[in-house]
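J.: Build me a model:
(2 chains)
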2 protein chains.
Amino acid sequence: MKIITAIQEMHDYISRLKRRGHAIGFVPTMGALHAGHMSLFAAAAAGNEKVVASIFVNPAQFAAGEDFEKYPRDIKKDLKMLKESKNVHCVFTPDAKDIYPESYATYVELAGEMPKIMEGITRPTHFKGVTTIIAKLLNIVKPGMIYLGQKDLQQAVILKKMIKDLDYPAQAVICPVIREKDGLAMSSRNVYLTPEQRNSAPVLYKSLQMAQSMIELGERDAEVLVKEIKRKLKDENVEIDYVEVVDPDTLAKKERISDSTAIVAVIYVGKIRLIDNVVIELKEK
Amino acid sequence: MKIITAIQEMHDYISRLKRRGHAIGFVPTMGALHAGHMSLFAAAAAGNEKVVASIFVNPAQFAAGEDFEKYPRDIKKDLKMLKESKNVHCVFTPDAKDIYPESYATYVELAGEMPKIMEGITRPTHFKGVTTIIAKLLNIVKPGMIYLGQKDLQQAVILKKMIKDLDYPAQAVICPVIREKDGLAMSSRNVYLTPEQRNSAPVLYKSLQMAQSMIELGERDAEVLVKEIKRKLKDENVEIDYVEVVDPDTLAKKERISDSTAIVAVIYVGKIRLIDNVVIELKEK
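T.: Sure, this is the predicted structure:
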């Protein structure tokens, strides 16, 4: 497994792969890898001859006061996991000073509501940072396929839109949420949870499962579902950021459950922000 | 010479060139080609195995009330000139509805002063449109070299910055201004000039040449030079938009002439906006 830090070395490495006609799959990460990431590497390896992973905690997507400094970092452990997975051929671990040199000025941004709703309410500059770093990484890694986790649904939808709008020759593949045994979605930030908070955290997915059951039993009113999810979350004494019922392709708000529907919920357990969602495909007769 | 309109067909064509290891030079244009463009194609052909030109009048870089609708278009003549030049292997002529489909939302933009000064004062959204279309075209054409005209100096500097910031594996080459016999910089918009206006137009370059002579004779004060240029322009009864003395790499304003200096001047002859500049390299003993 190749480990590359310099941007120019990545350009050269990718050029060689392209000349040989290799299909390149790309998995961008911020490190602190877990089984969720591992599933992305496996999907990339199944669909491409060469898999490139990046590990870069992107300062541009953190606002002042967010957890950039204390975002979990363990590059040694990450590299060990990547090596053992046998699914990754090259890891790109750039330095922040090369990605954003002092005079850095160029940003990639979506107009319209998509980056302003949901996560965008508490994190108004977050997605501008995300689209910018992924545009840069796509220019460096030049993959035919990029693998994103469904856990960060809004991020995946926004990146898919950016990739299409800017004519990148890459296809975005959204991979399912990977969960702990008790249903908690895998997340690098889970390591912050105290044992007590860890006990409360599964209520997030449980509330979404409850909504799923209600839909199976015939409920179609988004407002009713949101109300019930919130009631269940309050019972566990966690703080609710938002619960939204949206179209999983456009993130447009839905009042009725029909066709494809995503239910996204975000809570605070102590100071830890947890995010999760389920996508429901309704096949009405 | 290949003529391609569909974005996907360009991706496929470029993939084939890449696999063969061909170096690709790219010249983006808005058509209405003239000798200035021809010099860019020649430079691209001298430095690359394959040359791709694009012809696309980019609506995103025109504001309401600007000359998007009446921008000169003559695709037949353009294609004839390209063919006869023998310097271009492929022309990309996309449709606006494919480049900016109805739900289009993604923009590439420079923060800071660079896109706000000079041209940005009368055209505040112009460079956002320019950086967005060139990002898209770079993603489609994937060149190793892109050729830009020095006539639009601010545009060239901004694009160079965007290419570097976003880690495009492309080198920007800035080619010198090509002029009519009387010094008027070649421009697609020159066709708008009435014979009388055409007679006045050369004063723009003459005023810059005068400044150049003053510098050769020892003048180092930017304010004095700007004043003299404006005086000369007023004598010809043309309307002055701006005259600026700047660093040609950063566009930072210069008070003294030293090292590399660009003098940029923009006038209106009737309603026609004319832009020109000279770059002066000072070798002080």
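J.: anything in stretch A:13-30 near chain B?
T.: Yes. With CB under 8 Å from any CB of the partner chain as the criterion, chain B is reached by stretch A:13-30 at A:15, A:18-19, A:21. From N, CA and C alone the C-beta is placed, and that goes for glycine too.
J.: For residue A:239, state which of these is nearest.
T.: Nearest to residue A:239, judged by CB to CB, of those is residue A:18 at 48.4 Å.
J.: Name the helix or strand for the closest one, please.
T.: Per DSSP states H and E, residue A:18 falls inside helix A:7-19.
J.: so what's the residue of the stretch 1-150 of chain A found nearest chain B bridging to?
T.: Taking CB to the nearest CB as the measure, the stretch 1-150 of chain A has residue A:106 as its residue closest to chain B, at 3.6 Å. Beta-bridge pairing for residue A:106 (DSSP bridges): residue B:110.
J.: so how many other residues sit close to it?
T.: Neighbour count of residue A:106, defined by other CB atoms under 10 Å in any protein chain shown: 22.
J.: among the residues of stretch A:13-30 next to chain B, who's most crowded?
T.: Neighbour max across the residues of stretch A:13-30 next to chain B (other CB under 10 Å) = residue A:18, 18 neighbours.
J.: what does chain A have sitting close to chain B?
T.: So far as CB under 8 Å from any CB goes, chain A lies against chain B at A:7, A:11, A:15, A:18-19, A:21, A:104-112, A:114, A:131, A:135-136, A:139-140, A:142, A:161-162, A:165-169.
J.: quick revisit: only alpha carbons, please: show the helix holding residue A:18 as CSV.
T.: Taking Å, rounded to 0.1, in the frame of the first residue of the first chain, the C-alpha atoms of helix A:7-19 are listed here in CSV:
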residue,chain,number,x,y,z
ILE,A,7,0.0,16.6,-4.2
GLN,A,8,2.4,16.5,-7.2
GLU,A,9,3.3,12.9,-6.3
MET,A,10,-0.4,12.0,-6.4
HIS,A,11,-0.8,13.6,-9.8
ASP,A,12,2.1,11.5,-11.1
TYR,A,13,0.9,8.3,-9.5
ILE,A,14,-2.6,8.8,-10.9
SER,A,15,-1.2,9.6,-14.4
ARG,A,16,0.6,6.3,-14.4
LEU,A,17,-2.6,4.4,-13.4
LYS,A,18,-4.6,6.3,-16.2
ARG,A,19,-2.0,5.4,-18.8
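J.: Could you pull out the buried residues of it?
T.: A:7, A:10-11, A:13-14, A:17-18 (16 or more other CB atoms under 10 Å in any protein chain shown).
J.: where exactly do the strands run in the stretch 151-285 of chain A?
T.: Assigned strands in the stretch 151-285 of chain A, in chain order: A:171-175, A:239-246, A:260-269, A:272-281 (criterion: DSSP state E, counting those that start in this stretch).
J.: now what about the second one, what contacts it?
T.: With contact meaning CB atoms under 8 Å, 6 or more residues apart in numbering or on different chains, strand A:239-246 is reached by A:117-118, A:121-122, A:222, A:225-226, A:229-230, A:233-234, A:252-255, A:257, A:261-269, A:273.
J.: List only those of those flagged as buried.
T.: Those of the contacts of strand A:239-246 that meet the buried threshold are A:117-118, A:222, A:225-226, A:229-230, A:233, A:254, A:257, A:261-267, A:269, A:273, by 16+ other CB under 10 Å.
J.: mind checking pLDDT for residue A:283?
T.: On pLDDT, residue A:283 comes in at 81.
J.: Which residue ranges of the stretch 1-150 of chain A form helices?
T.: A:7-19, A:35-47, A:75-85, A:96-99, A:119-122, A:126-141 (DSSP state H, counting those that start in this stretch).
J.: just those: most buried one?
T.: Ranked by mean neighbour count, those are led by helix A:126-141 with a mean of 24 (mean count of other CB atoms under 10 Å in any protein chain shown).
J.: Would you mind checking the average pLDDT for that one?
T.: 98.
J.: can you check stretch A:16-25 too?
T.: For stretch A:16-25, the mean per-residue pLDDT is 94.
J.: What is the end-to-end distance of that stretch?
T.: 15 Å (CA to CA, to the nearest Å).
J.: For that stretch, what is the distance to the chain centroid?
T.: 26 Å (CA atoms, centre = their mean, to the nearest Å).
J.: got the contact list for it?
T.: With CB under 8 Å, 6+ apart as the test, stretch A:16-25 has contacts from A:14, A:43-45, A:47-52, A:141-147, B:18-19, B:21.
J.: ok, 7 Å please
T.: Stretch A:16-25 is touched from outside by A:14, A:44, A:47-52, A:141-145, A:147, B:18-19, B:21, with contacts defined as CB atoms under 7 Å, 6 or more residues apart in numbering or on different chains.
J.: what does stretch A:68-76 give?
T.: A:30-32, A:55, A:57, A:59, A:62, A:93, A:188, A:191.
J.: got the contact list for residue A:207?
T.: So residue A:207 contacts A:229, A:232-233, A:265 (CB under 7 Å, 6+ apart).
J.: can we see that at 10 Å?
T.: Residues near residue A:207 by CB atoms under 10 Å, 6 or more residues apart in numbering or on different chains: A:225, A:228-236, A:238, A:240, A:243, A:263, A:265, A:267, A:276.
J.: Kindly state the pLDDT recorded for it?
T.: As predicted, residue A:207 sits at a pLDDT of 98.
J.: go on, residue A:244?
T.: For residue A:244, the predicted pLDDT is 98.
J.: burial count for it?
T.: Neighbour tally, residue A:244, other CB under 10 Å: 18.
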